[in-house]
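A.B. asks: Provided below are the primary sequence and the corresponding predicted coordinates.
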Amino acid sequence: MLTATRIELRGVTQHSDYPDGVMAECKLDKLNVVPTSCGDLIPHYTEPDVRTKDAKSMSFYPSGAIRVINLESQTLIPTPLGAIPAELVTFYEDGQLDGVFPLNGHIGFGWTEAEELKLARPFTFSFSFGQVTAKIINVRFYPTGEVKSLTLWSGETVKLTTPAGIFPARAGLRLHRSGALASFEPAMPIAIRTPIGFVQAYDVDALTMAGDQNSVRFDEAGRLTHVATSGDIIIASESSDTHRISSRTCLALARDIPVKLAIEIFFDGDQVTIDSGEVCQTFSLTDTRFVALPDIDTVSLGACDLGCDSCSLGCA
């Protein structure tokens with residue numbers, strides 16, 4: 001029997017430790033009932049099958065507090081949104097619930113994403129900005145219990161009422177602690193009114209496995225603070241020559257196809273910062289003019305989730 005500072009575990013078959021000897025993660029082959037802020041949970045301990053990950057049963061913070069539990073079977077977890085079935089649960093170091101993953105199958109040679117998706121069921125959540133119904137990869141919470149973010153399954157889209165208008169979203173969305181919408185990932189290129197004019201917001205290479213960092217972001221008052229786009233930004237001012245900041249070209253994360261990576265545009269008071277990943281410059285809005293020229297290739301990548309009829313780019 002090994003101890004992870006706060007709990008004793010039976011049937012530890014493999015484990016790794018931090019430099020001071022505290023257990024970092026482990027695999028189990030015996031039933032353990034582990035007390036948590038969500039009630040007693042049973043970490044995975046049986047032999048893996050074609051869908052089950054042959055992975056750690058639990059992981060821990062350096063303090064010994066539980067970080068992740070890969071559950072033996074799908075279990076109803078009490079959350080501020082109500083009971084949610086989960087196969088994997090994550091915790092903050094103080095023991096409060098961090099994230100709930102309804103499914104945790106091993107996507108690989110023996111089990112496909114399509115097979116896993118068949119097991120997913122839609123959830124409906126009510127927020128201050130409207131109702132969201134979708135199949136989710138996870139829902140995460142702030143340490144104080146408020147909803148922090150939703151990550152959607154690939155191909156899922158939801159219609160959101162945002163401070164900038166009503167738009168379709170993919171990948172995920174994030175909330176402020178107040179419940180106001182903090183960010184979302186557009187499901188298609190959308191025209192967003194910004195302090196530098198209209199910008200086609202979309203990230204062809206968005207990280208679709210996490211709903212925490214998205215292309216369109218707002219502060220708690222609903223002011224636009226960030227937008228991502230691909231193409232070129234032309235900058236002209238009285239104090240300097242006209243110049244251009246352009247997207248970098250790189251192979252896409254999901255497919256072996258070159259894409260123009262997103263330029264990130266940040267708004268803060270009377271200043272705008274434009275970051276291409278190679279060039280990052282800050283300008284005053286009072287004496288500078290901007291033109292955003294989009295170059296968003298959703299067709300070759302197959303990244304756009306809604307089809308071309310509702311898209312304003314005409315790239316088809």
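C.D. replies: Right, received. Where do you want to start? Numbers count the residues shown, from 1 in each chain.
A.B. asks: tell me how far stretch 146-153 is from the chain's mean position?
C.D. replies: Between the centre of stretch 146-153 and the centre of its chain there are 7 Å (CA atoms, centre = their mean, to the nearest Å).
A.B. asks: so who does residue 248 touch?
C.D. replies: Contacts for residue 248 (CB atoms under 8 Å, 6 or more residues apart in numbering) come out as 260-261, 276-278. Glycine gets a C-beta too; all of them are placed from N, C-alpha and C.
A.B. asks: and the spatially closest residue to residue 83 that is not a sequence neighbour, how many neighbours?
C.D. replies: Beyond its immediate neighbours in the sequence, the residue positioned closest to residue 83 (CB to CB, 6 or more residues apart in numbering) is residue 76, lying 4.4 Å away. Neighbour count for residue 76, taken as other CB atoms under 10 Å: 12.
A.B. asks: can you pull out the helices in the stretch 201-316 of the chain?
C.D. replies: According to DSSP state H, counting those that start in this stretch, the stretch 201-316 of the chain carries its helices in the segments 298-301.
A.B. asks: quick one: average confidence on stretch 223-238?
C.D. replies: Per-residue pLDDT values over stretch 223-238 give a mean of 94.
A.B. asks: how long is it end to end?
C.D. replies: End-to-end distance of stretch 223-238 (CA to CA, to the nearest Å): 28 Å.
A.B. asks: Skipping its backbone neighbours, what lies nearest residue 123 in space?
C.D. replies: The shortest distance from residue 123 to any residue other than its chain neighbours is 5.8 Å, reached at residue 136 (CB to CB, 6+ apart).
A.B. asks: List the contacts of the one you found.
C.D. replies: When contacts are counted by CB under 8 Å, 6+ apart, residue 136 is found next to 102, 120, 123, 150-153, 156.
A.B. asks: low-scoring pLDDT stretches of the stretch 101-250 of the chain, where are they?
C.D. replies: Flagging of the stretch 101-250 of the chain using pLDDT under 70 yields the residue ranges 207-212.
A.B. asks: Now do the strands in it.
C.D. replies: With DSSP state E, counting those that start in this stretch applied, the stretch 101-250 of the chain shows strands at 123-127, 130-134, 136-141, 147-152, 158-162, 165-175, 181-186, 190-194, 197-201, 216-218, 224-229, 231-237, 240-246, 249-251, listed in chain order.
A.B. asks: The first one pairs with which strands, parallel or anti?
C.D. replies: It refers to strand 123-127. Counting by DSSP bridges, the strands paired with strand 123-127 are strand 130-134 (antiparallel).
A.B. asks: The partner strand versus strand 147-152: what angle between them?
C.D. replies: With axes from the mean of the first three to the mean of the last three CA atoms, to 10 degrees defining the directions, strand 130-134 sits at 40 degrees from strand 147-152.
A.B. asks: Next, the angle from strand 130-134 to strand 181-186.
C.D. replies: Following the same axes, to 10 degrees, one obtains 40 degrees for the angle between strand 130-134 and strand 181-186.
A.B. asks: circling back: mind checking which helix or strand the residue nearest to residue 83 is in?
C.D. replies: In this assignment (DSSP states H and E), residue 76 forms part of strand 66-79.
A.B. asks: quick one: average confidence on that strand?
C.D. replies: On average, strand 66-79 scores 97.
A.B. asks: Next, the buried residues of it.
C.D. replies: Taking 16 or more other CB atoms under 10 Å as the basis for neighbour counts, the residues of strand 66-79 that come out buried are 66-72, 75, 77, 79.
A.B. asks: Quick check: the farthest pair among those residues?
C.D. replies: Spatial extent of the buried residues of strand 66-79 (CB to CB) is set by the pair 72 and 79 at 19.5 Å.
A.B. asks: May I ask you to name the longest helix in this structure?
C.D. replies: Longest helix in the chain by number of residues (criterion: DSSP state H): helix 113-119.
A.B. asks: Now do that one: which elements does it pack against?
C.D. replies: If contacts are counted by 3 or more CB pairs under 8 Å, 6 or more residues apart in numbering; DSSP states H and E, helix 113-119 sits against no helix or strand.
A.B. asks: got the CA coordinates for it in PDB?
C.D. replies: C-alpha atoms of helix 113-119 as PDB (Å, rounded to 0.1, in the frame of the first residue of the first chain):
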ATOM      1  CA  GLU A 113     -13.500   9.400 -32.800                       C
ATOM      2  CA  ALA A 114     -16.700   8.600 -34.700                       C
ATOM      3  CA  GLU A 115     -17.300   5.600 -32.400                       C
ATOM      4  CA  GLU A 116     -16.600   7.800 -29.300                       C
ATOM      5  CA  LEU A 117     -18.900  10.500 -30.600                       C
ATOM      6  CA  LYS A 118     -21.800   7.900 -30.900                       C
ATOM      7  CA  LEU A 119     -21.600   7.600 -27.100                       C
END
